[in-house]
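Asks: okay, predicted coordinates and the sequence, questions at the end:
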Amino acid sequence: MTGASRGGDRAAIDLQSAEYRQSLGSLLAATGQVSAAVMAAPEGIGTEPALGPALDDQGLQQTVAGWVRDGVSAKERRAWRASALAREHLRVIDLALTTEGFTPRPLDAVLADLPQRAAEFASAMIEEAETVLHPLIEGVGRVG
């Protein structure tokens, strides 16, 4: 939009603004689905035995403390890889385990925060859209 704005190309500005609004609408619709997904998550988590320990705060803390102390066993790493955990995710886990003061949060606590985080993200997107879609354009007027 910057090039079209500088060139005063109203048709290009309108086209790009419409595409931006469409993308923004899609993102806002997706963030609007977060609460419903979070409400449905416990049922799905309950059917996946491997996720059970991630819901038990005390057990999670003990497991992670063991990994920090002794490292993640080769058997656990193989199981993670077999469940399609990417090598990059294993590196992130290793980094977290070596980070001073790292404290994992149980999955239900993380899920409980998601609707608020999604709302904050949506609000930031709307604010950014105001900046992008409504700048004063020399010789053309306001976009939008």
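Replies: In hand now; what should we look at?

Asks: CA only for contacts and neighbour counts going forward, please
Replies: Will do.

Asks: for the chain, which helix is longest?
Replies: The longest helix of the chain (DSSP state H) is helix 107-133.

Asks: quick one: mean pLDDT for it?
Replies: Mean pLDDT, computed over helix 107-133, is 89.

Asks: return the distance of that helix from the chain's centre.
Replies: 9 Å (CA atoms, centre = their mean, to the nearest Å).

Asks: try stretch 100-107
Replies: The chain centre lies 18 Å from the centre of stretch 100-107; the measure is CA atoms, centre = their mean.

Asks: what comes up buried for it?
Replies: Counting neighbours by 16 or more other CA atoms under 10 Å, one finds that the buried residues in stretch 100-107 are 106-107.

Asks: show me the strands in the chain, by range?
Replies: For the chain, the strands defined by DSSP state E cover 136-137, 141-142.

Asks: worst average pLDDT in these?
Replies: strand 136-137 (a mean of 40).

Asks: now do the contacts for V64.
Replies: 97, 104 (CA atoms under 8 Å, 6 or more residues apart in numbering).

Asks: from L97, how far off is it?
Replies: 8 Å (CA to CA, to the nearest Å).

Asks: with L111 instead?
Replies: L111 is 21 Å from L97, by CA to CA.
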